[in-house]
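[1] Structure, please.
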Amino acid sequence: MSSLKKNLFYVLLQQFVLIGLPFLTIPYISRVLGPDGVGLYGYSFSIVTLLINIFLLGSNLYAAREIAKVKEDSERLNRDFSEIFWIRFSLLLVAAVLYWISVMTMFDGSIVFYLQGLHLIGAFFDITWLYQGLEQFKKVVTRNISIKLLGFGSVFIFVKDSNDVWLYTFIMGISVVVGNLFLFYKLGQFVSFKMISTWARVREHLYKMFLLFIPAFSAMIYSVLDKTMLGTLSTVDQVGYYEQSYKIVYMITQLLYVTGIVMLPRTSSLIANNQMDKLHDVIKRGLTINFLLVFPLAIGLITISEDFIVWFLGPDFAPSIWVAIVMAPIIIFKSLGVIFGSWYLVPMEMNKEYTIPIVFGAILNVILNFALIPFYGAVGAAIATVSTEGIILLIQIWFLRKVFPFKQMVKESVIKYLAIALLMGALIFGVDLLIILPLFWSILLKVTIGVVFYFLILFLIKDKQLQFILNKMPGSRARG
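    Here you go, the predicted model:
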């Protein structure tokens, strides 16, 4: 098995676990903690996450890219790893001091806010960027699965009622700390720590990190700050409704993030070796396969949201139904954005083209949040988020219009897959009108009908991308 296929397998396994376990814990936590408890956790977590990401200066993408460049040169690898690690460590020390001061002064020393500080402690030891740059995904996947299993078991054992928000916060935080410490096991096989040689090197790293920090911070504004603004401009309950719908939508997009995680070091390597034709072919193939997958996923979520939210989260979260419906297109926007950003713009170091759409989107998101949240709460935040993601994607397409044949792709792929997905949605909607079943069986029937119909049509029209996927699966005789 090639290294790329191995990496895809490991990260795909991770994503299934990261999606599968929340599907068991989210319904339990929703019912035990309720909208208020879920909202308090989401609000406090958004604040510590905001602080961590601000002070890390976009260094995760930068670090993985730099490690990928020097992985064949052990001396440069040790030097760059050490410099980036100590820079991140120093920045996070400042963040930790500011966070403790904020908790004591702004949040009345709340135990939940204090315990969220465990995520800050965990960030000190986060070196996933090293293993991603080295394409050692087995190590990262093992860590992430271990974190989730540890947290998964502990939640069911210890969290019993709405007063256990602090305990749930502690379990989530300590899982991250333990998981990141695990990454240091046998670290010496890959790198060794060095002292920072010159301040000129530090300034160079900081400057390049800052170039990626602008889009990273802007992206964080509409992926994290929305919950902070909801808690400030509306109520903690509304944060809860938004938080759980957000998790459902983003659990689906996590499967599609596999490609971005694996392909960043690979496309960086293709660019370093000046294999631009191969790079363009890889990206065009990735875009087409994404079109095949994202349209039925987004439309399918819209058609089952009413039943799924009530069954999955409980009747108390009924207001989350419209939040999930509004946010469904994000599945499409995010997956394509990952390809344009992580596959091409970041490894090509097209910082301006990567930054401008996200900065514009962040500004738009803040404006829309201020305008919509006071009147529409969680649904307003959802409208702001999906509008932002759509605008960002359109600007990226504009920048890349001369690089990739978008008009041809629309004719050959987008219209076809979107039309079949819409027919699938209409069929599911018709089934919903004609057949009345208990929630679980209704959801199962709709999903089964949708999947069978969609892929049966693709099979009947002999879709090339479906045949390509089938040929790449283990056990296939044909190897297209």
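[2] can you list contacts of stretch 70-86?
    59, 62-63, 66-67, 127, 129-130, 133-135, 191-197, 201-202, 205 (CB atoms under 8 Å, 6 or more residues apart in numbering). Where you see a C-beta, it was placed from the backbone N, CA and C, and this is true even at glycine.
[3] Just the buried ones among the residues you listed, please.
    The neighbour count (16 or more other CB atoms under 10 Å) marks 59, 62-63, 66-67, 127, 129-130, 133-135, 191, 202, 205 as buried among these.
[4] Which of the contacts of stretch 70-86 fall in helices?
    In helices, defined here by DSSP state H, the members of the contacts of stretch 70-86 are 59, 62-63, 66-67, 129-130, 133, 201-202, 205.
[5] Which one of the residues you listed is nearest to Q238?
    S59 (32.6 Å; CB to CB).
[6] thought the closest one was touching S90?
    No: if you go by CB atoms under 8 Å, S59 and S90 don't touch, sitting 11.6 Å apart.
[7] Tell me if I'm right that A378 and S245 touch.
    Yes: using CB under 8 Å, A378 makes contact with S245 at a distance of 7.3 Å.
[8] intersection of neighbour lists for the two?
    Common neighbours of A378 and S245, counting by CB under 8 Å, 6+ apart, are 320, 323.
[9] and the two? which has more neighbours close in?
    A378 (31 against 28; other CB atoms under 10 Å).
[10] how about the nearest residue to the more buried one, chain neighbours excluded?
    Y242 (3.8 Å; CB to CB, 6 or more residues apart in numbering).
[11] hey, which helix or strand in the protein has the poorest pLDDT?
    helix 236-272 (a mean of 72; mean pLDDT, DSSP states H and E).
[12] what residues are up against the spatially closest residue to G42 that is not a sequence neighbour?
    Leaving aside its sequence neighbours, G42 sits nearest to E243 (CB to CB, 6+ apart; 3.8 Å). Taking CB under 8 Å, 6+ apart, we find E243 in contact with 38-39, 41-42, 227.
[13] export the residues you listed to JSON lines and tack on neighbour count and distance to V447?
    JSON lines is the format used below for the contacts of E243 (neighbours: other CB atoms under 10 Å; distance: CB to CB, whole Å):
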{"residue": "V38", "neighbour count": "29", "distance to V447": "25"}
{"residue": "G39", "neighbour count": "27", "distance to V447": "29"}
{"residue": "Y41", "neighbour count": "24", "distance to V447": "29"}
{"residue": "G42", "neighbour count": "21", "distance to V447": "27"}
{"residue": "K227", "neighbour count": "26", "distance to V447": "29"}
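[14] for the residues you listed, which one is nearest K446?
    For the contacts of E243, the nearest to K446 is V38 (26.2 Å; CB to CB).
[15] I'd like to know how many residues surround the closest residue to that closest one other than its chain neighbours.
    Leaving aside its sequence neighbours, V38 sits nearest to G240 (CB to CB, 6+ apart; 4.0 Å). Number of residues near G240 (other CB under 10 Å) recorded here: 31.
[16] quick one: G240 and P35 touch, right?
    Yes: the pair G240 / P35 is scored as a contact, 3.5 Å apart, by CB under 8 Å.
[17] Touching both of those two, which residues are there?
    F317.
[18] Report the separation between the closest residue to K227 other than its chain neighbours and F404.
    Distances taken as CB to CB, 6+ apart put S46 closest to K227, at 3.9 Å, once the chain neighbours are dropped. Separation of S46 from F404 (CB to CB, to the nearest Å) stands at 35 Å.
[19] Give me the below-cutoff pLDDT ranges for this protein.
    The chain contains residues with pLDDT under 70 at 1-23, 58, 109, 137-144, 197, 215-223, 255-269, 271-272, 472-480.
[20] how much space between the spatially most central residue of it and V70?
    Among the residues of the chain, Q254 comes closest to the average C-alpha position under CA atoms, centre = their mean, at 5.2 Å. To V70, Q254 is 29 Å away according to CB to CB.
[21] Could you do T232 as well?
    43 Å.
[22] residue ranges of the helices in the stretch 1-150 of the chain, please?
    Taking DSSP state H, counting those that start in this stretch as the test, the helices found in the stretch 1-150 of the chain are 3-55, 59-70, 74-106, 111-124, 128-133, 137-158.
[23] who wins for proximity to Y354 among the ones you listed?
    Between those, helix 59-70 lies closest to Y354; by CB to CB that is 9.4 Å.
[24] what angle sits between that closest one and helix 74-106?
    Computed by axes from the mean of the first three to the mean of the last three CA atoms, to 10 degrees, the angle separating helix 59-70 from helix 74-106 equals 180 degrees.
[25] Quick one: distance of helix 59-70 to the chain centre.
    Centroid separation for helix 59-70 versus its chain: 19 Å, with CA atoms, centre = their mean, to the nearest Å.
[26] can I see the domain layout of the chain?
    3-403, 412-480 (automatic domain parsing).
[27] winner for burial among those domains?
    domain 3-403 (a mean of 19; mean count of other CB atoms under 10 Å).
[28] what about that domain, distance to the chain center?
    5 Å.
[29] re earlier: any idea how far the residue nearest to A378 lies from V410?
    32 Å.
[30] Repeat that for L372.
    As judged by CB to CB, L372 and V410 stand 30 Å apart.
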